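Visitor: no sequence on this one, just coordinates:
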């Protein structure tokens, strides 16, 4: 079954005076459910800063939506290439969970 990725915004930092958002705290969660019914999950959290907004494209704070800010966040991170890189790292994490190549523990009870 295919992996699913869910981008989200955990928090925003903004200037009180004008509502300009200058930092996005973002998450990406990945999930895989196998044919056997096992579910594996992985996630990442980060933050990214934004430059000064284009006055012609400014969106008031109370009109922002998750989709708008996720788009800004992905663009600020580096666009489609960086999104693919983040999702590939999560896929590798899910692969390792499903088919571990390393273990820890002790050889004695």
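Guide: Here it is on my side, so go on. Everything quoted here is computed from the prediction, not taken from an experiment.
Visitor: Doesn't residue 37 lie inside a strand?
Guide: No. Secondary structure of residue 37 (DSSP: H, G, I helix; E, B strand; the rest coil): coil, not part of a strand.
Visitor: begin at 27 from here
Guide: In the new numbering, first residue 27, that becomes residue 63.
Visitor: Need the phi and psi values for it.
Guide: phi 90, psi 0 (degrees, to the nearest 10).
Visitor: So, low pLDDT: which residues of this protein?
Guide: Within the chain, the stretches with pLDDT under 70 are 27.
Visitor: ranges for the helices of it?
Guide: 92-103, 106-124 (DSSP state H).
Visitor: any idea which of those helices is most buried?
Guide: Ranked by mean neighbour count, these are led by helix 92-103 with a mean of 16 (mean count of other CB atoms under 10 Å). C-beta coordinates here come from the backbone N, C-alpha and C atoms, glycine included.
Visitor: Any buried residues in stretch 49-61, and which?
Guide: Neighbour-count burial for stretch 49-61, counted by 16 or more other CB atoms under 10 Å, picks out 50, 52, 54, 56-58.
Visitor: swap in stretch 124-133?
Guide: Per 16+ other CB under 10 Å, stretch 124-133 contains no buried residues.
Visitor: hang on, residue 96 packs against residue 52?
Guide: Yes. Applying CB atoms under 8 Å, one finds residue 96 in contact with residue 52, separated by 7.4 Å.
Visitor: Touching both of the two, which residues are there?
Guide: Residues touching both residue 96 and residue 52 by CB atoms under 8 Å, 6 or more residues apart in numbering: 33-35.
Visitor: Who is the residue nearest the centre of the chain paired with across the strands?
Guide: Per CA atoms, centre = their mean, the C-alpha nearest to the average position across the chain is that of residue 54, at 2.6 Å. Beta bridges link residue 54 to residue 33, residue 70 when assigned by DSSP bridges.
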